[in-house]
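> here's a sequence, model it:
(2 chains)
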2 protein chains.
Amino acid sequence: MKLLEERIKQDGQVLSDHVLKVDSFLNHQIDPGLMQEIGREFAQRFAADGITKIVTIESSGIAPAIMAGLYLHVPVVFARKRKSLTLSEDLLTASVYSFTKKETNEISISKKYVNEHDRVLIIDDFLANGEAALGLLHIVQQSGAEVAGIGIVIEKSFQDGAAKLKQLGIRVESLAQIAALANGEVTFLNQETEELVK
Amino acid sequence: MKLLEERIKQDGQVLSDHVLKVDSFLNHQIDPGLMQEIGREFAQRFAADGITKIVTIESSGIAPAIMAGLYLHVPVVFARKRKSLTLSEDLLTASVYSFTKKETNEISISKKYVNEHDRVLIIDDFLANGEAALGLLHIVQQSGAEVAGIGIVIEKSFQDGAAKLKQLGIRVESLAQIAALANGEVTFLNQETEELVK
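Numbering: from 1, shown residues only, chains lettered A, B, ... in the order given. Next comes the predicted model:
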């Protein structure tokens, strides 16, 4: 998605070979117009897939998910993160390890809102090692719902999350795919697009 | 806002005289179409106020805030909640006590994203005792920005949050105002509207 790649080039901060900070338009300050275009793009890519529900995770997944839900005309359910969780029969849960924060969170959604009649689109802001996406996948699969695919705003393609998901037969649609973050520069997987952007 | 009051009547669960659960369309599962109308309504009410930025708090404030930001054409900044916070010169912070969860959280936003040139609209999903709204107000005032007002999706008017804010001279625009939650029934402040809904 060219608009998103341009924005990453313009406003993303490369903090190291592994860390891209995009808190000026996605993770802390959010650009609603960009989110609208991102939502529209996800909706187009999954328009033919009979999606009945979107599942995401707090907090940065909510904005892109809500815009995708608007265009697909389906509700959005966001998983909550907790350091520890009192087990409840009403919750579907999974453990998610964060390499960035070096901590494990329990994530959960209520059984009330996803069930075996749903076809679910999972949306998240970032895909790196795939921990959060695998957690969401695990939760949705526990509900008996079918996973139609995973929509990612920014994929760090040099980490193995996307490969892990594809090995499980899951369709992954990433709107920006980052091949490398070297020398303070963002290189996208699609070099052709990158040349146009420059 | 009639559409919202109708939805609360239809899908809200009155759990006690003080607790209204709306996790089927606002707090856990979110209805994007309803959020769009809520955003449009906030934008109309603050259309003439020269808003340059919206500030909200994770997680349930994000969806209504992002839709308001879309219609007002301004960025949204969401405050993060942490049990404790390493103090940093780059952060504006406040302590917020949650009566529901019986815990104090530090909330914070980056100084980079709100400053003395901004006119800020604060948005949150619920207003009860006003703790979260006062915390957000405190943060925005520290930045030197002007607070144009506070937009609330659901105000529990039988608690004192709205009164506290108005005493401080803050404009509060609440889209639904709940007068009472007695006998499992929601009564709105505007009884006339309630009669139409019944």
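> please count neighbours and contacts with C-alpha atoms only from this point.
Noted.
> residue A:74 contacts residue A:50, correct?
No - the pair residue A:74 and residue A:50 fails to qualify as a contact (C-alpha atoms under 8 Å) at a distance of 10.2 Å.
> those two - which one has more neighbours?
With neighbours defined as other C-alpha atoms under 10 Å in any protein chain shown, residue A:74 and residue A:50 compare such that residue A:74 has more, 19 against 13.
> check contacts around that one.
Contacts here follow C-alpha atoms under 8 Å, 6 or more residues apart in numbering or on different chains; on that basis residue A:74 touches A:51, A:52, A:53, A:54, B:31, B:32.
> which one of these has the most neighbours?
residue A:54 (28 neighbours).
> quick one: residues contacting the residue minimising distance to the centre of chain A.
When C-alpha atoms, centre = their mean is applied to chain A, the residue found nearest the centroid is residue A:124 (1.7 Å). Neighbour list for residue A:124: A:56, A:57, A:60, A:61, A:64, A:65, A:133, A:150, A:151, A:152, A:153 [criterion: C-alpha under 8 Å, 6+ apart].
> quick one: residue A:36 is in a strand?
No - Residue A:36 sits outside any strand when classified using DSSP: H, G, I helix; E, B strand; the rest coil, being helix.
> just the mean pLDDT for stretch A:123-141, thanks.
Mean pLDDT, stretch A:123-141: 97.
> what comes up buried for that stretch?
For stretch A:123-141, burial by neighbour count (16 or more other C-alpha atoms under 10 Å in any protein chain shown) applies to A:123-137, A:139-141.
> same check on stretch A:79-91?
Buried residues in stretch A:79-91 (16+ other C-alpha under 10 Å): A:79, A:80, A:81, A:91.
> against residue A:130, how distant is residue A:186?
Per C-alpha to C-alpha, to the nearest Å, residue A:186 is found 20 Å from residue A:130.
> can you check residue A:115 too?
Distance from residue A:115 to residue A:130, by C-alpha to C-alpha: 23 Å.
> likewise for residue A:137?
10 Å.
> next one: residue A:48
As judged by C-alpha to C-alpha, residue A:48 and residue A:130 stand 25 Å apart.
> for chain A, what lies in contact range of chain B?
Residues of chain A that fall close to chain B, judged by C-alpha under 8 Å from any C-alpha of the partner chain: A:24, A:28-33, A:36, A:58-59, A:62-63, A:66-67, A:69-70, A:73-79, A:109, A:113.
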